[in-house]
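Participant: Generate coordinates for the sequence data below:
(4 chains)
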Amino acid sequence: MDFLMTTGRTIRQGSYVERKNTPSYRDEASCIRMNPVDMLELLVEEGDAVRVTGNGSSVVMRTKPDPMLPRGLVFVCLGPYANVLASPWTHGTGMPDFKTMPVSIEPTTDAPLPVSALMKECGGVPYED
Amino acid sequence: MTQGILIKNAYVIDPLSGIRGEVMDIAIRDGRIVEEAPPGSQVIDAGGCLTLPGGIDSHSHVCGTKVNFGRYMSPEDMRAGRTSRKGVMHVTSGYSVPTTFGNSYRYSTMGYTTVLEGAMAPLEARHTHEEFTATPHQDMLANTLFDGNWSVMEAVRDKDVKRAAAIVAWTLAAVRGFAIKLTNPGGTEAWGWGKDVANIHDPVPHFEVTPAEIISTMIQANEILRLPHSVHLHCNNLGVPGNFRTTLETMDLAPPAQGNRQTLYLTHVQFHSYGGTTWRDISSKSEDIARSLNSKPQVVIDMGQIMFGRTTTMTADGPMEFKLYMLHHNKWSNHDVELETGSGIIPVYYSRKSLVNCVMWAIGLELALLAKNPWQCLLSTDNPNGAPFVKYPEIIALLMSRRMRENERKEIDPRTEHYVPLFALERELDWYDIAVMTRAGQAKALGITRIGKGFLSPGAQADVAIYPLKPDQLDPSVDYQQVMAGFSRTLYTIKRGRVVARDGDVVVEGANSTIWTRSRVPPGYDMGSDPEFTKKFDQYYTVRLRNYPVQDVYLPRGVCIETEAAL
Amino acid sequence: MRIEDVVCPFCGCLCDDLVVSVEGTKVLSVENGCTLATEKFTGDHRLAHPIRRTGGSWEKTTYDVAIRETAEILLDAERPLLYGWSGTFVEAQTIGVHLAELLGAVIDNTSTVCHGPSIMAIQEVGHPGCTLGQVKNRADVIVYWGANPIEAHPRHMSRYTTFADGFFVKSAFRDRKVIVVDIRETDSSEIADEFVKVTPGGDYAVLSALRMIVRGKGELVPEKVSGVTREQLFRVANICLSARFGAIFFGLGLTMSRGKYKNIRNAIELTEELNRHTKFTISPMRGHWNVYGSNEVFTWITGYPYAVDFSRGIAFYNPGETTSVDILRRKECDACLVVASDPGAHFPRACAGHLASIPTVQIDPHVNATTHLSRIQIPVAVTGIDAEGTAYRMDGVPIRTRQLFSTDYPDDVAVLGRIYSLVKEAKG
Amino acid sequence: MRVILKTRPRKKPHVPIEAEGIIPQNFLRKNDLSVYEGNRERHLEDLFFVTVEGPAVSPDQVEVILTGDTGRIKRVGEYMNAGRIIIEGDIGMHCGNFMSAGEIIVRGNADAWLGREMRGGRILCEGNAGDYCGAGYRGEKRGMRGGTVEVMGNAGDFVAEYLSGGEVIVHGDCGDLPGVEMRGGTLVIGGNCSRPCGNMTGGTCMVLGDPGELLPSFRRNGSTEAEFGGKKFRMAVFRGDVANRGKGTLLVREDLKSSRP
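Facilitator: So this is what the prediction gives:
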């Protein structure tokens, strides 16, 4: 199913921002909030994994219902998971379209990767502290 | 370490020492002027060139929140004046609001060694001091804004001059300020509601005090504290046709001088000398202003000359900037500072085709030519409001040459002469007048001769400017182009006994001082422990009282002028 | 030991009323702070020592080696990028700019993916703003546009707006009207008197419509503009026009969405228009505690607030060209120094990928996403905890952060100062 | 005179080159021009194989031809005032900045800021142009003031921002906000776009494709007929932007006139 993804800050994201290798940061940054009716149509429940695809890449996240979101709009806090899907195009302004990313979402049995593994996917070498 | 310089064959004009043009030697040791240079001193042959105390700008906007915002909002201004790193010189950018190093290098190559920042909001003082550190070739002073200070206005309302003085003393010491600056007193508070005050007797909303009361009380407070400088005032109604009446009334508030210095300093008076009722019939009232000035030795003014071309206006006078924006429709920034003051910024272009601009241009020059005593009318553009300070040499040339003024007359709006007396004035200032108007007068008015500023006799700070100008071989009235070129670029600029600039290049990394004042008050007048003051502070400011004062670390070379308050 | 009036180095609110209890080099508790502050002060996830990577594995190294190698990497590069800066203090930022100048590098701060568009808008039309106390003491109308302070700036409402009593606003919650504009409902919109829900990317049109109404051209406004009814637009405009003092705060909902800086420009022009009728100010909700400091320092040294390119010796600025995301997307830079930020987490993946492919050095107290992309990481003291220096609040008020205790970590000034000296020596 | 500049292979092909020296008048006297590769100053010959054919006595007789991997070369043709530059492939940013006369032909695609602050002359881009084609510089109130930029393909966002004079013609589509802040001159868009002419205060913009959503701040003001590519179209006339003191004209096709949001 196609959605518009938007990003922003959350308290939890901010709380864990200096501990990006921890499961708590991963859980928050890979949490995709969506309208419960959309979840129903996707046949997923809270905490289920979904594969989110956009801009030629995909990433696994876990769902969380959020009745405040209108249908068709999903929210992920800013961070490396959302950014897998962000286009680096800035329209000549320096700023990517972080607030409006077209994505498609499907259920998956995979689990979200830790941050270090995400960075490995794009050429990094994980450092485990 | 002993560092000495011997300047030989200098054509010296040193008004404060009574030297009006004399070829002599100047000896420097350890940053001071001395009788005799130490052995092994560097010898500089001035070859009969004009040698003056280092230039002092007593009103300029070069550092702090609004100046930096002027840069921030103007990438187009930064395209001019770009230089790359060269020797000890950092990269510079900008024309009307250059980067800090740009300002510092340009002042230095013009022979300026001391600059007063005209407006520092106390709450944002730390910013001003940070930029002072990055303006390394001039000793810096900060006028501190009290125009909309709530505690001050409450003291004024309660007719408690002593409390007003105590608040000033605490604030100046806390923010490492130099002097009291009032910008459109009361008007900046009114601007918190989008309003202004109409004249000096118009009450400030809520506080029920008038600008006149604020000014008078602050003058008294200033004298109680025995501060080196007087109250430094940007009058109400800046830039409003017909505002000369406000200015005259304000001048009448200045009490007689008690000592050697003025009791009131009015800044950029050009902007306050307008007749007429609208922009259509604006005219010069420089004669009225000069007449009042000439009869009041207790008043000193600076010109606030405008020069044609583009610049950026910036002032704590928020309402004035908004009015200006409504005329220009370019871009407008405003920054009100809680409990204290405001500010505004807009870019402008002063055009020879604009009659209003031509009248403004004439008024500044007229003030300087009509003021009988050069010690009472100092040279300024209110940088960058009237023009960037790099225009000073051109202003000097205009003041020294009637011929140059006549040539300019041909270029400007021909109607101008009907609105201004400029072209009837025959006076041409001489080298001595210029020396007074660009350094000696400033030092005296600011009260910084006591720390050795503004003169060249033994004991003075060794701030010296040697210009490639030979007064005995030049007729400034005719050779005004040479005058202009000469004042633009020193042969040598010496700052605290060190050659800092040569032939237009800065040659050492600077290390300036920041000059501030502290008035000692009796314990009962220490606002830092005054229950009412501290309570209100906690309630209405958004920073804690303890985080407000500027720490010593921001003034690596602070010079404190201490006074004993008469409280 | 209880330390009062501590400054919080987390968000642009720069709250300076925290009370922190410490024992040795450990923070025991934080009073007055929000959750973010508490987490920041009590966090204990520091990188213990410098690390470097050779091929596919990491090793411990010394400060000397890490600093020397960093200088060599930067000197080798033809287009080095120095990125970050918002999480450190002004004195360190100053060295950063001079380092860039010396290297002929591009230096950019996190505004580039935050309020860079706000700066671009300000450069077109200016910025009628004020300090936060002005809002606290006077404002009777508050607008949050594309901002969610409850999540991003948790004490903004209690210190400066909705819940902050002021001199002329004795009972803030009763006397102030709050308007929230967003594309979705948030905790912040829940407490608004008026919630304006805009379709994504529709802010520009809504702002244009409001400007029309304020200009007296309301009759031309269609029934609905980007999901907002004509009736609500008029209601909002009237609330603004009847304010004695109105304050607009805007967030990344405007800077990051379609049109970018043109949205902000439109909001500023609306503010200017409102000033012809009453008093109105507008302010960006700056994110990092000292991002505004980096803008200030960059500006007074170079003339430009961010995205400064020194490759030609002089300073050149052009967002879209000299901004980090664009430089990384085009794979231009051949080395990168990251200071006090995390582009690995906050840049699009393609940019993170390029960081991994070039020698990237990170100076940061913590292991973060960029660590995995780097060749070297140098841990430093945390400003506001074991280092101190100047920071600029979101409204431009400079505040000195406090050092609560000292540790063995060098601060950013010490590390950058050494890199600068090595580079200067090599450059002659 | 014909000057042929063929790029040499580079170790770091992504590092941008700045070559504002590449303008016809500079080849009349000398060939030892400096160009910059990142932060390094290079000789022209370090980066190009240079061939000069024939004589010239004035710059208008000079034709410069760039071939090879030219997509990263910035500022070619800056301040050009005579002669001709032909770029066989793509060209980097800022091609033709401040150009006042002469001609630039880009056979491939042009990167952003093509013809920035142009004053006169002609630029023809046979491929696509990037963002800010025919636009201005940050903070300046006036963008392109004269001359013609013609793009046969598509162009990006913010095309002709602050256009103050001259003509920008894009035969294909434009992105978002073409003609934004426009105050004079003419912008013609052969294809589609979105939100044309936001905040315009003057000038004329004509959109022959689908203009997408129109901003609410444009006032319908009759209709007219216009010609483009040899065809005649019935155009709806809008005046705007009325959110500003707009006295600009926006023409959109009567038959494609789209939704007002």
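
Participant: which residues touch the residue of chain A found nearest chain D?
Facilitator: The nearest approach of chain A to chain D comes at residue A:92, 3.2 Å away (C-beta to the nearest C-beta). Glycine gets a C-beta too; all of them are placed from N, C-alpha and C. If a contact means C-beta atoms under 8 Å, 6 or more residues apart in numbering or on different chains, then residue A:92 has C:319-321, D:112-113, D:130-132, D:156-158 as its contacts.

Participant: Let's verify it: helix, strand, or coil?
Facilitator: coil (DSSP: H, G, I helix; E, B strand; the rest coil).

Participant: Relative to residue D:190, how far out is it?
Facilitator: 21 Å (C-beta to C-beta, to the nearest Å).

Participant: Going by neighbour count, list what's buried in stretch B:402-418.
Facilitator: B:402, B:404-405, B:408, B:412-413, B:416 (16 or more other C-beta atoms under 10 Å in any protein chain shown).

Participant: what's the neighbour count on the residue of the stretch 51-200 of chain D found nearest chain B?
Facilitator: Residue of the stretch 51-200 of chain D nearest chain B, by C-beta to the nearest C-beta: residue D:139 (3.9 Å). By other C-beta atoms under 10 Å in any protein chain shown, 20 other residues sit near residue D:139.

Participant: After the helix or strand encompassing residue B:327, which helix or strand is next?
Facilitator: Element membership for residue B:327 (DSSP states H and E) is helix B:318-328. Sequence-wise, the next helix or strand downstream of helix B:318-328 (DSSP H and E) is strand B:333-336.

Participant: Determine the longest strand present in chain A.
Facilitator: Taking DSSP state E as the criterion, chain A has its longest strand at strand A:57-65.

Participant: which one of the buried residues of stretch B:402-418 is nearest residue D:225?
Facilitator: residue B:413 (45.3 Å; C-beta to C-beta).

Participant: I'd like the distance between that closest one and chain D.
Facilitator: 23 Å (C-beta to the nearest C-beta, to the nearest Å).

Participant: Am I right that residue D:192 is in contact with residue D:209?
Facilitator: Yes: the pair residue D:192 / residue D:209 is scored as a contact, 3.9 Å apart, by C-beta atoms under 8 Å.

Participant: overlap in contacts of the two?
Facilitator: residue D:173.

Participant: List, one by one, the residues from the stretch 101-250 of chain D near chain C.
Facilitator: Residues of the stretch 101-250 of chain D that fall close to chain C, judged by C-beta under 8 Å from any C-beta of the partner chain: D:112-113, D:131-132, D:137-139, D:176-177, D:180-181, D:195, D:198-199, D:213, D:215-217, D:219, D:241-244.

Participant: can you give me how far the longest strand of chain A is from the chain middle?
Facilitator: 5 Å (C-alpha atoms, centre = their mean, to the nearest Å).

Participant: Tell me which strands that strand pairs with, and in which orientation.
Facilitator: When pairs are called by DSSP bridges, strand A:57-65 turns out to pair with strand A:31-34 (parallel), strand A:49-54 (antiparallel).

Participant: Rebuild these as TSV, extending it with distance to residue C:11 and mean neighbour count.
Facilitator: As requested, these are arranged in TSV below (distance: least, C-beta to C-beta, whole Å; neighbours: other C-beta atoms under 10 Å in any protein chain shown):
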stretch	distance to residue C:11	mean neighbour count
strand A:31-34	21	24
strand A:49-54	28	20
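
Participant: Pipe those strands into a markdown table and attach mean pLDDT per row.
Facilitator: Formatted as a markdown table, the strands paired with strand A:57-65 follow (pLDDT from 0 to 100):
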| stretch | mean pLDDT |
| --- | --- |
| strand A:31-34 | 98 |
| strand A:49-54 | 98 |
